[in-house]
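In: generate a structure from the sequence data that follows.
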Amino acid sequence: MWMTRIGRIATLALALAAFSQGARASAQRETVLGPNGELYSVRAGTFGELFPGRQDVPAANSVLALDIEKPDVDRVRLLIKGTEGPDADSSPFLLYEDVSNTLFLVWEIRLGGVFPVLMLSGYKDASWLNPFAIIDYPFALKSSPQLAVTYDSYVEDGDDDGDTHGTGLTTQQRTILHLFWNQQDEGESTETFYSPIFLENGRFLGRSPAYRLNDLIDPQADVLAGAGTLPPQLIQVQRGHDQRTLVVAFGSAGRLNTLEIGALPAQWGRIADGARSHIIDFGARLYPNHLATLASEVKEEIIKRGSASFDPEILRSLAEQVASYIANVAPKTPLKVIADGARSHIIDFGARLSGRGMRNSQAASSSLVEVDPSELEMADGDTAVPSQILQMSRIGSWPAPEIGSNAQVFISEGGERALLCWAEKNQVVYREGTAAGWTAPLEIRLSDSVDLQRAYEILEQRVRNR
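Out: Modelled structure (predicted):
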């Protein structure tokens, strides 16, 4: 949750870095390209400057405008919803997400011209999503935010109009915007925070909590700090091994750490929630005298809910395990305890398999983080959405080595390797972090054929291909 510190007030630098696989994050993004050649650009200024002649908003108000340019079509300028008030709006960042066909916009609003709050909105089908406060705690120094996107889909019972399978099922698209930033604690040290933002078919599901990534670093392991000092703004985010995972590198207590963050498939959450509801609903008449029948009912429910998305053998194995658990519960076990136990077993089973196959579950130190659907209340009060379950796995941790100033970090797809690099005169110096520790400093000499940008690209490619 948000820190309770009410000390210093500082600017919220919204130099959001764009996330893309295989490319370094850029410092900011005020212009993006849409899927059909349209160019989206965001402009900051006063209403009078950006919309001369209009009088529906005071001319002196600080606002943001979205310009849309299409081939052979005149430019269209729109007032961005939520920026028309008297508070100062600045530092816009754009990201076009192709799966949901939504243009996302993040910007800073200064309440009373002083207190910074981070806002998010979106533009889709010629209309704005309602602006949403992502970071509304304005009293702590925040810096180096980065944004990444992951997505998946799930199926549910639907009506004839929305049936996309010819089977009475509809496909729902889930998009997760992953926001990372640095924040100073009461002792003036820098910590890294993370907040997932969930959307269903492009619709915001509500406020998500913020998580302190430093809490996921095992205090009993690798406690020795390194001799070097990592830049406080050091955060790198990139895609992981599939479209539902990403890897983040950040500094903490004199160490460089890597975590993998993956969303449990939304369909798996539907299975877990459905099994729990089934046990409670049918258990009212079948428990405790007809446990075998209840177990069989739940088994068929699990197979039914997962048959459109998962391998039938894995699904049947899960269903049989849950059925066996129900059929053999201890006498007088409360029905709710049985339902919660079955749900937990399904989630744990999915976490072991999700994106990992036969990998030993002890290969990484993992934590499951569940965002309660009640915390994601939709605009109309509906909370009938899948459980949002994230798996956060500690992958690597290295003592900070001695490095130069303005260092950058690159990480491998799985987070097992890292590379720190920095520019010195006519060269780029780098050190690689492996299971054996850091290599001695190595260098790439800059020349007419290898400039600074190319040197960084070479180093990033090296660590990602290892």
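In: quick check: which ranges of the stretch 351-466 of the chain have low pLDDT?
Out: 355-364, 373-385 (pLDDT under 70).
In: residue boundaries of the strands in it?
Out: Listed in chain order, the strands of the stretch 351-466 of the chain (DSSP state E, counting those that start in this stretch) span 365-371, 388-399, 408-411, 418-424, 427-434, 437-438, 442-445.
In: make CSV from the ones you listed and add mean neighbour count and distance to residue 71 to it.
Out: The C-beta positions use only the backbone N, C-alpha and C, and glycine is treated the same way. Converted to CSV, those look like this (neighbours: other Cβ atoms under 10 Å; distance: least, Cβ to Cβ, whole Å):
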stretch, mean neighbour count, distance to residue 71
strand 365-371, 16, 41
strand 388-399, 21, 39
strand 408-411, 22, 37
strand 418-424, 21, 40
strand 427-434, 20, 40
strand 437-438, 16, 51
strand 442-445, 14, 41
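In: do you know which of the ones you listed lies nearest residue 234?
Out: With Cβ to Cβ, the closest approach to residue 234 among the strands of the stretch 351-466 of the chain belongs to strand 408-411: 5.8 Å.
In: report all helices and strands that the closest one contacts.
Out: Counting contacts by 3 or more Cβ pairs under 8 Å, 6 or more residues apart in numbering; DSSP states H and E, strand 408-411 is packed against strand 235-239, strand 245-252, strand 418-424, helix 452-464.
In: partner strands of the third one, parallel or antiparallel?
Out: To tie it back to what came earlier, the one meant is strand 418-424. As defined by DSSP bridges, the strand partners of strand 418-424 come to strand 408-411 (antiparallel), strand 427-434 (antiparallel).
In: how about the ones you listed, which one is nearest residue 68?
Out: The nearest among these, by Cβ to Cβ, is strand 408-411 at 33.9 Å.
In: so who does the closest residue to residue 291 other than its chain neighbours touch?
Out: Of all residues not flanking residue 291 in the chain, residue 327 sits nearest, at 5.3 Å (Cβ to Cβ, 6 or more residues apart in numbering). Residue 327 is in contact with 291-292, 295, counting by Cβ atoms under 8 Å, 6 or more residues apart in numbering.
In: and residue 261, bridged to which residues?
Out: Beta-bridge partners of residue 261, counted by DSSP bridges, are residue 246, residue 392.
In: give me the distance between it and residue 366.
Out: 10 Å (Cβ to Cβ, to the nearest Å).
In: a markdown table for the strands paired with strand 418-424, including distance to residue 313?
Out: Below are the strands paired with strand 418-424 laid out as a markdown table (distance: least, Cβ to Cβ, whole Å):
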| stretch | distance to residue 313 |
| --- | --- |
| strand 408-411 | 35 |
| strand 427-434 | 37 |
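In: between those, which one is nearest to residue 398?
Out: It is, among those and with distance given as Cβ to Cβ, strand 427-434, at 4.4 Å.
In: can you tell me the SS state at the residue lying farthest from the centre of the chain?
Out: Using Cα atoms, centre = their mean, the residue of the chain lying farthest from its centre is residue 289. It sits 45.2 Å away. Look at residue 289: counting by DSSP: H, G, I helix; E, B strand; the rest coil, its state is coil.
In: which ones are touching it?
Out: Residues near residue 289 by Cβ under 8 Å, 6+ apart: none.
In: so which residues of the stretch 51-200 of the chain form strands?
Out: Using DSSP E, counting those that start in this stretch, strands in the stretch 51-200 of the chain cover 62-70, 73-79, 88-97, 102-111, 115-124, 127-128, 132-135, 142-157, 169-184, 190-200.
In: quick one: the strands of the stretch 351-466 of the chain as TSV, columns for distance to residue 242 too.
Out: As requested, the strands of the stretch 351-466 of the chain are arranged in TSV below (distance: least, Cβ to Cβ, whole Å):
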stretch	distance to residue 242
strand 365-371	16
strand 388-399	13
strand 408-411	16
strand 418-424	21
strand 427-434	24
strand 437-438	29
strand 442-445	31
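In: for residue 69, which of those strands is the nearest?
Out: The nearest among the strands of the stretch 351-466 of the chain, by Cβ to Cβ, is strand 408-411 at 33.1 Å.
In: list the residues that contact both of residue 261 and residue 366?
Out: With Cβ under 8 Å, 6+ apart, residue 261 and residue 366 have common neighbours 391-393.
In: closest to residue 191 among those residues?
Out: Taking the shared contacts of residue 261 and residue 366 together and measuring to residue 191 by Cβ to Cβ, the closest member is residue 392, at 15.3 Å.
In: gap between that closest one and residue 243?
Out: On the measure of Cβ to Cβ, residue 392 and residue 243 end up 17 Å apart.
In: residue 283 now?
Out: 37 Å.
In: of these two, who's got more company?
Out: Set residue 283 next to residue 243 and count neighbours by other Cβ atoms under 10 Å: residue 283 wins out with 20 against 15.
In: isn't there a helix covering that one?
Out: Yes: using three-state DSSP, the assignment for residue 283 is a helix.
In: ok, now which ones touch the residue nearest the centre of the chain?
Out: Nearest to the mean C-alpha position of the chain, counting by Cα atoms, centre = their mean, stands residue 178 at 2.2 Å. By Cβ under 8 Å, 6+ apart, the contact set of residue 178 is 147-150, 194, 196-197, 237, 246, 261.
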